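>>> Predicted structure and sequence below. I'll ask about it afterward.
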Amino acid sequence: MRSLQVVRAVLYLRPDHASPAQLAAEFERYLAKEPPLAASGKSEDHSAFVGLQTRIAKIGGVQLLVSIFESVDVQHDGDELIRTALELAVTLFEGGNLTAQGILAESLSQPSSQNFFVQVHHVLHNSIISMRAQKRKIKQFELELAAREAAGIPTEGIKLPVFGASLVCMTEVIKTMRRMCMGQHKALQDIIRVQKLNKVSYNFLEEVVAVLMALEPELLHAIEDHDSEVVEAGIRGFLMLADAMRGPNHENQASIAHTGLIDLGDRIFGKIHFEDLNGKTKARNRHRNRHGEDRRKEKAIWRNRVRSRLKSAVASCLLTFLEGVESDDIPNMMLTTVQWTLIGAQMACCHRDLARAAEVLDYPMLFEEGMTYYFILRTLYP
């Protein structure tokens, strides 16, 4: 496991290509599981990063990851090794490295890859079971806290279990699948939907939608409670589905369109709304505790940012449904199924808040979210 962490660290920390300041910045991103700065196409070090990805993939990095997934039993051996391997996979395929994707596609297209997909299925399936178990545990904990308070027993400092603790491994699986699809790699997009040569085939598009449906009731409270694992899992899931449809991949579009994802998006648009950054503190208290006010505002900004990222991810799925459509089936389904009043209300909210962006959210995020709604409407109603 240490060796996997070292290889991932090498992709971030390249002493021969980076200054001490860059190394420090990359190390922070390594710890936070954010993409390397060099992975951006705008970075001067982008070509060096892609070259290092390619070199590691060619000398056996991809095969190592596949072998780990095929040999480790997620059901019995725990998920620590799997999670570490997935974190490396996310970095190795970051940006859609064509060489790494090609090697992976060749490996996964063989009948011998059956156990790889069995393990992915177990991770996704077990995450839903874990979510339900964690939800029961939190509810029981809340009842115990209420009983302690009723009995006059102090409860200060006692924290509820974190719901997102059960989602870490699943989120890394979804992030890996998204990077398999980046750059519209058709073979890997198709493999995620169907494994033609395997005895048992899994439609992971449907499984990711099932995970999102299990997550949806928790999103509102997760944002309020700053449970980033839950929110990130939701955002990553929608982004992965959008990348799986790009190209366009008509088979994936049709598969996802019939999963209930459109209704899921309606529920999210109906209950996720921005909060006013200045709307919860009385004027007479602001001067009394400026530090506390700044802290409250920072938290509100975080909540609004994740709200915008979540809604933009959902909207990107709806827009990708319409990319290069060849028939009227999906557009007609959207016309009759999507709650367009919710889309219109979200777009109007973005337009209204642009004039007072400093009180709600960063201007670029508001603009990008609002334009995504516009493009959906513009595509359906040319």
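On my side now, so go ahead.

>>> so where is the stretch 51-200 of the chain shaky, pLDDT-wise?
Within the stretch 51-200 of the chain, the stretches with pLDDT under 70 are 74-78, 156-166.

>>> change it to 90
69-83, 112, 122-123, 125-170, 183-184 (pLDDT under 90).

>>> And the helices in it, which stretches?
62-71, 74-77, 80-92, 98-108, 114-150, 168-181, 186-193 (DSSP state H, counting those that start in this stretch).

>>> roughly how far out does stretch 30-46 sit from the chain middle?
Mean-position distance between stretch 30-46 and its chain equals 17 Å (CA atoms, centre = their mean, to the nearest Å).

>>> Can I get it in PDB, CA atoms only?
Presented in PDB, the C-alpha positions along stretch 30-46 are these (Å, rounded to 0.1, in the frame of the first residue of the first chain):
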ATOM      1  CA  TYR A  30      -2.000  15.600  -2.700                       C
ATOM      2  CA  LEU A  31      -3.200  15.500   0.900                       C
ATOM      3  CA  ALA A  32      -6.600  17.100  -0.100                       C
ATOM      4  CA  LYS A  33      -7.000  14.600  -3.000                       C
ATOM      5  CA  GLU A  34      -7.300  17.400  -5.500                       C
ATOM      6  CA  PRO A  35      -5.900  17.100  -9.000                       C
ATOM      7  CA  PRO A  36      -2.300  18.200  -9.500                       C
ATOM      8  CA  LEU A  37      -1.800  21.700 -10.700                       C
ATOM      9  CA  ALA A  38       0.200  20.400 -13.600                       C
ATOM     10  CA  ALA A  39      -2.800  18.300 -14.700                       C
ATOM     11  CA  SER A  40      -4.500  21.500 -16.000                       C
ATOM     12  CA  GLY A  41      -4.000  22.100 -19.700                       C
ATOM     13  CA  LYS A  42      -3.100  25.700 -18.900                       C
ATOM     14  CA  SER A  43      -0.100  24.700 -16.800                       C
ATOM     15  CA  GLU A  44       3.400  25.100 -18.100                       C
ATOM     16  CA  ASP A  45       4.200  21.600 -16.600                       C
ATOM     17  CA  HIS A  46       1.200  19.900 -18.300                       C
END
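
>>> one step back: with distance to Glu251 and mean neighbour count as added columns, please give the helices of the stretch 51-200 of the chain in CSV.
Backbone N, C-alpha and C define where each C-beta goes, glycine included. As requested, the helices of the stretch 51-200 of the chain are exported to CSV (distance: least, CB to CB, whole Å; neighbours: other CB atoms under 10 Å):
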stretch, distance to Glu251, mean neighbour count
helix 62-71, 24, 19
helix 74-77, 28, 12
helix 80-92, 24, 21
helix 98-108, 16, 19
helix 114-150, 18, 15
helix 168-181, 13, 25
helix 186-193, 6, 20
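
>>> looking at those helices, which is closest to Arg307?
helix 168-181 (18.5 Å; CB to CB).
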